[in-house]
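*Asks:* Let's see this in three dimensions:
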Amino acid sequence: MTARGQLTLRKEVLKRLGVCPGDKIQLDLLPNRRAELIAESQKESLRDLRGLLKDRTNGRRLSIGSFDRKAVLLMAEQGRQAKLLA
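*Replies:* Numbers count the residues shown, from 1 in each chain. As a prediction, this is how the structure comes out:
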């Protein structure tokens, strides 16, 4: 802990929680000097997906299903949570 009361979490912990820079977390204080850290789920909007697959399709147009699968894989690489639409 820093002198300013800031904590640093290991990269593995953040990845496991699905937390990326700028994401919000919730810290609940529990009895017996314990705490629970919860990653707030973020709702992805279509605007967030703009340019996600840029330079990854070799200029090909993708079907919705192909886009969905590629987007989910890329988001997983980035440590973001996603699910398939179909």
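*Asks:* Show me the domain layout of this structure.
*Replies:* Structural domains assigned to the chain are 1-42, 44-86, following automatic domain parsing.
*Asks:* Show me what the mean pLDDT comes to for the last one.
*Replies:* Over the span of domain 44-86, the pLDDT mean works out to 67.
*Asks:* that older thread, in TSV, list the domains of the chain along with mean neighbour count.
*Replies:* C-beta here means a position set from N, CA and C on the backbone, and glycine is covered the same way. Converted to TSV, the domains of the chain look like this (neighbours: other CB atoms under 10 Å):
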stretch	mean neighbour count
domain 1-42	10
domain 44-86	12
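*Asks:* all helices in the protein, in order from the N-terminus.
*Replies:* Taking DSSP state H, the helices of the chain run over residues 11-17, 46-49, 64-77.
*Asks:* Format these as TSV; extra columns: distance to I25.
*Replies:* Shown next, in TSV, are the helices of the chain (distance: least, CB to CB, whole Å):
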stretch	distance to I25
helix 11-17	7
helix 46-49	19
helix 64-77	19
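*Asks:* of all these, which lies closest to R4?
*Replies:* Checking the helices of the chain against R4 by CB to CB gives helix 11-17 as the closest, at 19.6 Å.
*Asks:* now could you export just the CA positions of that closest one as PDB?
*Replies:* Provided in PDB are the C-alpha atoms of helix 11-17 (Å, rounded to 0.1, in the frame of the first residue of the first chain):
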ATOM      1  CA  LYS A  11      -1.900  -8.400 -13.400                       C
ATOM      2  CA  GLU A  12      -3.100 -12.000 -12.900                       C
ATOM      3  CA  VAL A  13      -5.700 -10.800 -10.400                       C
ATOM      4  CA  LEU A  14      -7.000  -8.100 -12.700                       C
ATOM      5  CA  LYS A  15      -7.100 -10.400 -15.600                       C
ATOM      6  CA  ARG A  16      -9.000 -13.000 -13.600                       C
ATOM      7  CA  LEU A  17     -11.500 -10.300 -12.600                       C
END
